[in-house]
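**Student:** fold the stuff below for me.
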Amino acid sequence: MAKIGKRLTAVNATVDNLKRYEVAEASQLIKASAQAKFDETIEIAVNLGVDPRHADQMVRGVIALPHGSGKTMRVAVFARDEKAKEALEAGADLVGAEDLMEKIQGGEMNFDRVIATPDMMSVVGRLGKVLGPRGLMPNPKLGTVTPNVKAAVEAAKAGEVQFRVEKAGIVHAGIGKASFSAEQIADNVNAFVAAINKARPSGAKGAYLKAVTVSSSMGPGVKLDVATLVG
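**Tutor:** Below is the predicted model of the structure:
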């Protein structure tokens, strides 16, 4: 363990906390610092100049990353009849109606995304207190309330990432894996930041993109040069 500790210390020392890195160099450092025995998640934290307590400053959206997120997504779908069949054929892990609602009420939460056809929202609405706090409530703006469940399931399985600003004005997301190449990490960082910029709310005033930090699960945070990011 001592040798591993020394190696991690040496790797972490290569990151200058006072420097703001361009994406390409940052991606190399992040990949090099991922020393865990598992495939670490590449995480991004974007500090925004917004106050999400105001409706006109809420930031949320969805992005299909160029190289996916690397995460295996489990998808639950509320649908009936032909739409339920479409969802299963597209690879949904859980499909149902009232029966699925009862499973979730009973504590079954083994999924990462919930999709529903519009006609099922009266059923899904009863789960607001369960799904809402976990950010799992289907939303038409995010494409998770849709008659086209096949496309929605396929997009989720392909690594589509949803994002939503937290109370402190920060957006957190997993945007890749340490096994990705540095170029793939950089592509995903640029795409994610571009999506955040595109989602700028009407109520945002002054500096919007204040700070961006990227890291692997167990590695040091690498601060990016905001001025060089894709806008």
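**Student:** only C-alpha atoms for contact and neighbour calcs from this point on.
**Tutor:** Fine.
**Student:** what is residue 115 paired to in the beta sheet?
**Tutor:** On the basis of DSSP bridges, residue 115 takes part in beta bridges with residue 77.
**Student:** what residues go with each domain of the protein?
**Tutor:** 18-69+160-228, 75-157 (automatic domain parsing).
**Student:** mean confidence score for the last one?
**Tutor:** By that I understand domain 75-157. Across domain 75-157, the average pLDDT comes to 95.
**Student:** and that domain, how far out from the chain middle?
**Tutor:** With C-alpha atoms, centre = their mean, to the nearest Å as the basis, domain 75-157 stands 18 Å off its chain's centre.
**Student:** tabulate the domains of the chain in CSV, adding columns for mean neighbour count.
**Tutor:** CSV is the format used below for the domains of the chain (neighbours: other C-alpha atoms under 10 Å):
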stretch, mean neighbour count
domain 18-69+160-228, 19
domain 75-157, 18
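**Student:** now the helices for this protein?
**Tutor:** 2-12, 23-33, 81-90, 98-105, 121-124, 128-131, 149-157, 182-198 (DSSP state H).
**Student:** for residue 222, find the nearest of those.
**Tutor:** helix 23-33 (6.3 Å; C-alpha to C-alpha).
**Student:** okay, that closest one in CSV with CA atoms only?
**Tutor:** Presented in CSV, the C-alpha positions along helix 23-33 are these (Å, rounded to 0.1, in the frame of the first residue of the first chain):
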residue,chain,number,x,y,z
VAL,A,23,-9.0,20.6,-22.4
ALA,A,24,-6.5,18.5,-24.3
GLU,A,25,-3.8,18.8,-21.6
ALA,A,26,-6.3,18.4,-18.8
SER,A,27,-7.6,15.2,-20.4
GLN,A,28,-4.1,13.7,-20.5
LEU,A,29,-3.6,14.5,-16.8
ILE,A,30,-6.9,13.1,-15.7
LYS,A,31,-6.3,9.9,-17.6
ALA,A,32,-2.8,9.6,-16.0
SER,A,33,-4.2,10.2,-12.5
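**Student:** how big is the angle separating it from helix 182-198?
**Tutor:** With axes from the mean of the first three to the mean of the last three C-alpha atoms, to 10 degrees applied, the angle from helix 23-33 to helix 182-198 works out at 120 degrees.
**Student:** I'd like the average pLDDT over helix 23-33.
**Tutor:** Averaging pLDDT along helix 23-33 gives 92.
**Student:** same for that helix, what does it pack against?
**Tutor:** On a contact count with 3 or more C-alpha pairs under 8 Å, 6 or more residues apart in numbering; DSSP states H and E, helix 23-33 meets helix 2-12, helix 182-198, strand 209-216, strand 222-223.
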